[in-house]
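Visitor: Here's my sequence, what's the structure:
(2 chains, ligands or ions: 4)
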Amino acid sequence: MATLVLDNGAYTAKIGYSQEKVSVIPNCQFRSKTSRLKTFTANQLDEIKDPSGLFYILPFQKGYLVNWDVQRKVWDHLFGKEMFKVEFADTSIIITEPYFNFTSIQESMNEILFEEYQFQSALRTNTGFLSAHHYFHNKPSELCCLVVDTGFSFTHISPYCRSRKMKEGIRRINVGGKLLTNHLKEIISYRQLHVMDETHVINQVKEDVCYVSQQFYMDMEIAQMKGEENTVMRDYVLPDFSSIKKGFCKPREEMVFSGKYKTGEQILRLANERFAVPEILFHPSDIGIQEMGIPEAIVHSIQSLPEEMQPHFYQNIVLTGGNTLLPGFRERLEAELRSLVPAHLPVSVLLPANPICYSWEGGKLLAHHPDYDEMVVTREEYEENGHCICEEKFDI
Amino acid sequence: MVLEKKGSARVEAGQRRVLDEATRQRRLTRQLEALEKDNFQDDPLSSLPPPGPTARLPAFSETEEPEKKKRKTRGDHFKQRFRKNFTTLLEEENLSEKPEPNYLSATAPPSSLPPRHFCCVCGFPSHYTCTTCGGRYCSTKCLCTHRETRCLKWTL
Ligand SMILES: Nc1ncnc2c1ncn2[C@@H]1O[C@H](COP(=O)(O)OP(=O)(O)OP(=O)(O)O)[C@@H](O)[C@H]1O
Ligand SMILES: [Mg+2]
Ligand SMILES: [Zn+2]
Ligand SMILES: [Zn+2]
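Guide: Ligands and ions are numbered 1, 2, ... in the order given. Presented below is the predicted three-dimensional model:
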């Protein structure tokens, strides 16, 4: 029997069979200005030649699955003959959900997996559980780990003691990559060029030029300097989707510091935006969100746990989710934690090679675990017992 | 909105409106809500002229996929339960009566660090507060821009 692992993120689905490698695919639908009648699903995004003004139809709201029509379209496409060719009667699925998922969403999930698709068996779990499993697999002597997952919708800090989720220590910060992109879009639109409709393009700008500052106020000073001294400043050439397919930063030696470019490309000039935007993860209050930033929330989480375990958590922090790819993220987090945590306690923050798929890889490992068959609910069991058996077995 | 560079700013000190705390808070809430939006533009599909007097555009993506292989139970997810938004679902969870930890109690509490202030025009550290709206600014130049563009916007 095959096992399909699906980390069902609000931005991308991380999906693949447990014997194969992972694919990262947009978990949404799109419409474009150039072919307005057609709706593109998931990786059909690649068919859109001019994604300017790209319109998103997302199944998630604030990280929770609410738009089932869209989710079903994406899953039909992923499970179908063009992609994973799932033989439902002979396939087990591992699928992820957010922490504290609402009861009605959980029930809809059971119904769709067992009654509509009719998977042979299913394991519904949290993304962090799979990440913790991955971590303990690589470090079998450790007992505790703190999973930081900062993706599209929000950021979660979740402590695991082996396979046990320490619920009382979970913290959620309502800042994720979606908010960062929207904020960048907003300030660029106010300061230089109207880009409010260009989520897709500006998201790429974010991923290409943003970074986490190590010395925030010093970078602010540099970003304010004139001319070549301003080593923070970048000129980003926007794509026009005909001759320039993908945006990029002007090489330093081609930058024009005073006056205009004669090349006619459309340019965004970015200075403090590069690091002030990611800074919201560390200081949500910078834009008026009254919540702790990641370092403070980690300490807050760990301090709510039994004292004898606390040192173990500080030493086993693992970063997952797309935002941890921002250059400087790990270093800054470790440095801030170092200054917040008592000096005698070692602090160690691990950034895995692929933080976006770390959880999926954990699911893949779990599928091969000797106890896997005991963790799932089979379709037969569901048909006999309904939602209760899922509630009993799955720790969401 | 693109920043317009106008020559002179109308800085009529002394007689400007001052927004009260509730208005300032509402404005902040609206700004933060905007950061959750999926799109700012209209759906390209909705901006098409109606195809004809009787034809009706489907709500979602039914337009492609000529073969409509629907499962028997497809009607299911048009049931009420599948059509609720986040706020409704959250209310239905009735968390104030459920044991902690839950979705609400897991929210990170406010920071104990002092707030930092940035110019709402240029984004650099700021030392001054606009007396009208409470926004921050760093220089006379930015204050003028602020007053010409955003100071009294979004105050509903
Ligand atoms: N190199 C990068 N630099 C900065 N941000 C990035 C990078 N790569 C991805 N991201 C951002 O990470 C976010 C997606 O992360 P991830 O795939 O972990 O989210 P998700 O699992 O789909 O969402 P969620 O966990 O909230 O349901 C997006 O906002 C994306 O812009
Ligand atoms: Mg995720
Ligand atoms: Zn300023
Ligand atoms: Zn003002």
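Visitor: And A:Ala271, what's its pLDDT?
Guide: Note on A:Ala271: pLDDT of 98.
Visitor: pretty sure it contacts A:Val232?
Guide: Yes. Taking CB atoms under 8 Å as the definition, A:Ala271 is a contact partner of A:Val232 at 5.4 Å. For every residue, glycine as well, the C-beta is placed using N, CA and C.
Visitor: Report the set of residues contacting both of those two.
Guide: A:Ala223 (CB atoms under 8 Å, 6 or more residues apart in numbering or on different chains).
Visitor: Would you state the strands of the stretch 51-200 of chain A in chain order?
Guide: A:55-57, A:60-61, A:64-65, A:91-97, A:121-126, A:144-150, A:155-161, A:164-165, A:171-173 (DSSP state E, counting those that start in this stretch).
Visitor: Quick one: check the first one for contact with chain B.
Guide: Yes. For strand A:55-57, a contact with chain B is found by CB under 8 Å from any CB of the partner chain, at A:Phe55, A:Tyr56, A:Ile57.
Visitor: Can that strand be said to contact ligand 1?
Guide: No. Under the criterion of CB under 6 Å from any ligand atom, ligand 1 is not reached by strand A:55-57; the shortest gap measures 11.8 Å.
Visitor: Pull up the pairing partners for that strand, direction included.
Guide: Paired neighbours of strand A:55-57 in the sheet (DSSP bridges): strand A:29-31 (antiparallel).
Visitor: returning to what we had before: could you export the strands of the stretch 51-200 of chain A as a markdown table, including mean neighbour count?
Guide: Below are the strands of the stretch 51-200 of chain A laid out as a markdown table (neighbours: other CB atoms under 10 Å in any protein chain shown):
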| stretch | mean neighbour count |
| --- | --- |
| strand A:55-57 | 21 |
| strand A:60-61 | 20 |
| strand A:64-65 | 22 |
| strand A:91-97 | 22 |
| strand A:121-126 | 23 |
| strand A:144-150 | 27 |
| strand A:155-161 | 25 |
| strand A:164-165 | 16 |
| strand A:171-173 | 26 |
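Visitor: Roughly how far does A:Lys38 sit from A:Ser242?
Guide: From A:Lys38 across to A:Ser242, the span is 20 Å (CB to CB, to the nearest Å).
Visitor: Neighbour count for these two, which is higher?
Guide: Between A:Lys38 and A:Ser242, A:Lys38 has the larger neighbour count (other CB atoms under 10 Å in any protein chain shown), namely 18 against 8.
Visitor: Angles on the backbone of the more buried one, please.
Guide: For A:Lys38, the backbone dihedrals (degrees, to the nearest 10) come out as phi -90, psi 140.
Visitor: pretty sure it is in contact with A:Arg31, am I right?
Guide: Yes. Between A:Lys38 and A:Arg31 there is a contact at 7.4 Å, judged by CB under 8 Å.
Visitor: interface residues of the stretch 101-250 of chain A facing ligand 4?
Guide: For the stretch 101-250 of chain A, there are no residues in contact with ligand 4 under the definition CB under 5 Å from the ion.
Visitor: Next, name the residue at the spatial heart of chain A.
Guide: The centre of chain A sits closest to A:Gly151, judged by CA atoms, centre = their mean, with a distance of 2.2 Å.
Visitor: List the buried residues of stretch A:200-212.
Guide: Judged by neighbour count using 16 or more other CB atoms under 10 Å in any protein chain shown, the buried positions of stretch A:200-212 are A:His200, A:Val201, A:Ile202, A:Asn203, A:Gln204, A:Val205, A:Lys206, A:Val209, A:Cys210, A:Tyr211, A:Val212.
Visitor: Next: stretch A:70-80.
Guide: By 16+ other CB under 10 Å, the buried positions in stretch A:70-80 come out as A:Val70, A:Gln71, A:Arg72, A:Lys73, A:Val74, A:Trp75, A:Asp76, A:His77, A:Leu78, A:Phe79.
Visitor: for chain B, what spans make up the strands?
Guide: B:128-129, B:136-137 (DSSP state E).
Visitor: Relative to ligand 1, how far out is the spatially closest residue to B:Val18 that is not a sequence neighbour?
Guide: Distance criterion CB to CB, 6 or more residues apart in numbering or on different chains; nearest residue to B:Val18, sequence neighbours excluded, is B:Thr132 at 5.8 Å. From B:Thr132 over to ligand 1 the distance is 35 Å, taken as CB to the nearest ligand atom, to the nearest Å.
Visitor: repeat for A:Asp235
Guide: In terms of CB to the nearest ligand atom, A:Asp235 sits 19 Å off from ligand 1.
Visitor: Scan chain B for its longest helix.
Guide: For chain B, the helix reaching the highest residue count under DSSP state H is reported as helix B:21-34.
Visitor: Quick check: mean pLDDT of it?
Guide: On average, helix B:21-34 scores 95.
Visitor: likewise stretch A:2-9?
Guide: Averaged across stretch A:2-9, pLDDT comes to 98.
Visitor: contacting residues around it?
Guide: Residues from elsewhere that reach stretch A:2-9 (CB under 8 Å, 6+ apart): A:13-19, A:22, A:27, A:65, A:78, A:84, A:86-87, A:90-97, A:127, A:130, A:151-152, A:357, A:359-360, A:363-364, A:367, A:372.
Visitor: which parts of it are buried?
Guide: Buried residues in stretch A:2-9 (16+ other CB under 10 Å): A:Ala2, A:Thr3, A:Leu4, A:Val5, A:Leu6, A:Asp7, A:Asn8, A:Gly9.
Visitor: How about stretch A:106-115?
Guide: Going by 16+ other CB under 10 Å, stretch A:106-115 has these buried residues: A:Gln106, A:Ser108, A:Met109, A:Asn110, A:Glu111, A:Ile112, A:Leu113, A:Phe114.
Visitor: so what's the first one closest to, chain neighbours aside?
Guide: It refers to A:Gln106. Computed as CB to CB, 6+ apart, the closest residue to A:Gln106 that is not its neighbour in sequence is A:Ile396, at 6.1 Å.
Visitor: any idea how far B:Ala22 is from A:Val70?
Guide: Here the criterion is CB to CB. By it, A:Val70 lies 37 Å from B:Ala22.
Visitor: again with A:Gln310
Guide: Applying CB to CB to A:Gln310 and B:Ala22 gives a distance of 42 Å.
Visitor: more neighbours, these two?
Guide: When neighbours are counted by other CB under 10 Å, A:Gln310 comes out ahead of the other of A:Gln310 and B:Ala22, with 19 against 8.
Visitor: Show the contacting residues for the more buried one.
Guide: By CB under 8 Å, 6+ apart, the contact set of A:Gln310 is A:Ile302, A:Gln303, A:Leu345.
Visitor: what about residue 47, how many residues close to it?
Guide: Let's take chain A. A:Glu47 has 11 neighbours, counted by other CB under 10 Å.
Visitor: look at chain B instead
Guide: Residues lying near B:Ser47 (other CB under 10 Å) number 10.
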